[in-house]
Structure formats: C-alpha cells, structure tokens
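Engineer: My questions are about this predicted structure, shown below with the sequence.
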Amino acid sequence: MQPPQYTQLATWMNGADLGEAAIWTTLFVVVLSLFSIGAGFVQEALARNLDRVIFDLPVPKGQRQHEAIGTAMFLMVFIPCAVGTWWSLLTFTTGWKAEVVTFAVCLVEFQVFYYVMHRALHTKALYRFHKWHHRTHVMTPMAGLSMSPVEAMGWTVGILAPAVALSWAGMLGAWGYLAFLLIHFYVNITGHANADFAPKGPAKALNANSVTYHALHHARYTGHYGFISRYMDVIGGTQFPDWVQVRDRIMDGQPLTKMGERMPASDPSTDDIALRNATVGSSTASAERHATMRSGRTRTQPASPTSRRRIQSP
C-alpha cells in the first residue's frame with residue numbers, strides 16, 4: 001500500500017479498496033486531530049508567557065478526562081462514516097476548477113449548516129444532545145471535538161454531505177476536499193484553546209473571528225453560534241455587542257476573571273450593518289409596515305387629540 005503521488009491523488013482515491021480507505025482515513029483524521037490538539041496546547045503555553053490568556057480561571061477537575069472521552073466518541077462516529085462514504089459514494093475528479101469549487105462549497109456550506117444546527121441544539125428540546133460539549137467552560141484544545149454521539153453525527157453529516165453532492169455533480173476535487181478538512185479540524189481544535197493572538201482594532205473581517213469570540217459562547221451559552229466566521233451571527237442577530245471590547249482587553253494582557261463578565265459595548269461595524277441590512281433589513285421593514293397597517297395608523301401619524309383626551313380622562 002503506497003501513498004499516492006500528487007498528480008495521482010484523485011485516481012488513487014477512486015480506486016482504493018475498503019481496507020485502504022479505512023487505514024488512510026483513520027491515519028489522516030487521528031494524526032490531524034492529535035497534531036491540532038498539540039498545537040493548541042502550545043498556543044496556551046505561549047499565551048501564558050505573552051499575557052494572551054482569555055480566562056484566568058482554572059480548568060475544573062475531571063474536565064480534561066471528560067473532553068478526552070467526548071473526542072473519542074466523535075472519532076468513533078466520524079471515521080466509520082467517512083470510510084463508508086469515501087468507498088461507496090465519492091468519485092473524485094481532477095482540474096483546478098473542481099478543487100476551488102470543492103473547497104469553497106464545503107467551507108461555506110458548513111458555516112450555514114453548523115449555525116443552523118448549533119442554534120437548534122441550544123433549544124430546550126435538543127440541548128440534551130449538546131450539553132456534553134458545554135461541560136467545558138474554560139476552553140481547552142481537547143474541547144473542539146468533545147461532543148455526544150448525536151451531535152457528532154450532525155457534524156459528520158455537515159462535513160460529508162457536500163462532498164457527496166459535489167461527487168454527484170462531477171465536481172469533487174480531492175485536494176480541495178483535503179484542504180477543507182485540514183482547515184476544519186485544525187481551526188476548530190486550536191480555536192478552543194484558552195489563548196488569543198488576534199490583533200486589536202475594529203471588527204472588519206466577517207470571514208474570520210478570534211478565539212475570544214467562541215470563548216464567549218462557552219461562557220454565556222446564548223449567542224456566537226457561528227463556526228470560524230462571524231457572518232452567520234451578524235445575519236442572525238446573535239453576536240454579542242461587547243465582543244470587540246473583550247478581545248481588546250485580552251490583547252492588553254487583562255484576562256477575564258468571571259464567566260459572565262461583560263463590558264460596555266460599542267456600535268457595530270459598518271460591514272456588520274451593511275450585511276444585516278442586505279439580508280434581513282428589507283424583510284424587517286416590510287414586516288413593520290404590515291404591522292403598522294394592521295394597527296390602523298402609520299408610525300408617523302400621532303394619536304388624535306380626541307384619543308389623547310380619551311386616554312387622559314378618568
């Protein structure tokens with residue numbers, strides 16, 4: 001069993017038997033996960049020396065063991081599903097267009113999929129499947145993949161479904177999909193480290209967020225449901241208004257000392273306002289107009305003197 005050459009990856013993956021698919025998928029996922037966890041702990045060590053710790057709080061006893069079990073549960077769900085999907089459902093093609101399309105579609109699809117799934121998991125009916133992950137308050141790199149089997153199945157669907165769809169469309173690039181998986185696992189795991197090295201300043205980038213952004217979700221529970229990027233939280237109106245101030249405080253070497261700690265908020269960035277107005281502004285304005293019409297008068301029409309006298313009369 002020889003690893004494929006660079007230009008032969010798609011051909012090799014299409015011709016792999018079940019045993020090869022199982023061995024290489026397990027090696028890829030396990031090694032990538034362990035490497036990312038190690039990188040996350042290196043970030044935490046650097047953060048302690050450079051005053052970039054997010055929460056100056058101890059990790060509760062038993063939390064790391066809990067996270068290790070949750071990570072093992074995720075791997076036991078994801079790896080067999082990935083092996084079966086690769087071997088039975090995926091056909092890879094070649095060409096730079098397929099690689100670019102694959103990477104872009106998978107990355108964007110998971111942002112939308114995860115936001116919707118994550119918000120649903122915070123409802124009363126479904127939170128029991130998500131609470132395993134939220135046993136982590138002070139984040140560690142081992143928390144990234146720590147979840148219940150039900151939630152792990154949701155993640156698995158979000159990761160594998162776009163590959164199946166692209167395969168059916170004849171546009172699944174092997175290198176583009178591997179690049180997506182590399183970024184997905186590495187950013188998710190290191191993004192749960194209790195360390196942040198993001199620069200200070202206005203929140204201009206909608207396609208990325210700092211580690212502090214997700215740390216606040218673990219501390220406050222409701223809000224910041226997005227994965228890697230902020231744009232779904234901006235569209236959904238679930239972004240904490242003080243997160244930039246909290247991040248800048250971390251960058252000043254002043255970690256948070258309480259889970260529910262908040263700071264005075266600033267106005268949203270112009271990018272955030274533009275995105276939200278473009279996606280929900282028109283529908284919101286329409287709803288307000290209909291509500292006003294049903295009330296019997298427009299918002300610009302004051303109550304008549306008669307009605308005011310009637311209200312003021314004993």
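Structural biologist: That came in fine, so what should we check first? Numbering: from 1, shown residues only.
Engineer: what's the average pLDDT for stretch 17-31?
Structural biologist: What stretch 17-31 shows for mean pLDDT is 97.
Engineer: Please save the CA atoms from it in PDB.
Structural biologist: The C-alpha trace of stretch 17-31 is given here as PDB (Å, rounded to 0.1, in the frame of the first residue of the first chain):
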ATOM      1  CA  ASP A  17     -10.400  -0.600  -1.700                       C
ATOM      2  CA  LEU A  18     -12.300  -0.700   1.600                       C
ATOM      3  CA  GLY A  19      -9.200  -1.600   3.600                       C
ATOM      4  CA  GLU A  20      -7.100   1.200   2.100                       C
ATOM      5  CA  ALA A  21      -9.900   3.700   2.700                       C
ATOM      6  CA  ALA A  22     -10.200   2.600   6.400                       C
ATOM      7  CA  ILE A  23      -6.500   2.800   7.100                       C
ATOM      8  CA  TRP A  24      -5.800   6.100   5.400                       C
ATOM      9  CA  THR A  25      -8.900   7.800   6.700                       C
ATOM     10  CA  THR A  26      -8.100   6.700  10.300                       C
ATOM     11  CA  LEU A  27      -4.500   7.800   9.900                       C
ATOM     12  CA  PHE A  28      -5.400  11.200   8.500                       C
ATOM     13  CA  VAL A  29      -8.100  12.000  11.000                       C
ATOM     14  CA  VAL A  30      -6.300  10.800  14.100                       C
ATOM     15  CA  VAL A  31      -2.900  12.300  13.200                       C
END
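Engineer: contacts for it?
Structural biologist: Identification of contacts with stretch 17-31 by C-beta atoms under 8 Å, 6 or more residues apart in numbering yields Met1, Pro3, Ala16, Leu75, Phe78, Ile79, Ala82, Val83, Trp86, Trp87, Leu181, Phe185. The way it works is simple: take the backbone N, C-alpha and C, and place the C-beta from them, glycine included.
Engineer: Same check on stretch 117-136?
Structural biologist: 63, 66-67, 70, 143, 146-148, 150-151, 154, 158, 192, 218, 221-222, 225-227, 236, 238.
Engineer: Tell me which residues touch Phe110, please.
Structural biologist: Gly158, Ile159, Pro162, His184, Phe227.
Engineer: out of the residues you listed, which are buried?
Structural biologist: Gly158, Ile159, Pro162, His184, Phe227 (16 or more other C-beta atoms under 10 Å).
Engineer: got the residue ranges for the helices in the chain?
Structural biologist: 9-15, 18-50, 63-89, 96-121, 149-168, 174-190, 211-220, 231-236, 243-251, 270-276, 282-295, 305-312 (DSSP state H).
Engineer: hmm, back to that, farthest-separated two in the buried ones among the contacts of Phe110?
Structural biologist: Pro162 and Phe227 (13.9 Å; C-beta to C-beta).
Engineer: picking that back up, let me know the closest of the contacts of Phe110 to Phe113.
Structural biologist: For the contacts of Phe110, the nearest to Phe113 is Gly158 (4.2 Å; C-beta to C-beta).
Engineer: Need the per-residue pLDDT for that closest one.
Structural biologist: pLDDT at Gly158 comes out at 97.
Engineer: ok, so what distance separates it from Pro58?
Structural biologist: For Gly158, the distance to Pro58 equals 33 Å [C-beta to C-beta, to the nearest Å].
Engineer: Find the nearest non-adjacent residue to the residue nearest the centre of the chain, please.
Structural biologist: In the chain, the residue lying closest to the centroid (C-alpha atoms, centre = their mean) is Phe227, at 1.3 Å. Excluding the flanking residues, the one nearest Phe227 by C-beta to C-beta, 6 or more residues apart in numbering is Tyr114, at 4.2 Å.
Engineer: shouldn't that neighbour be in contact with His214?
Structural biologist: No - at 11.7 Å, Tyr114 does not count as touching His214 under the criterion of C-beta atoms under 8 Å.
Engineer: joint contacts of these two?
Structural biologist: Between them, Tyr114 and His214 share no contacting residue, judged by C-beta under 8 Å, 6+ apart.
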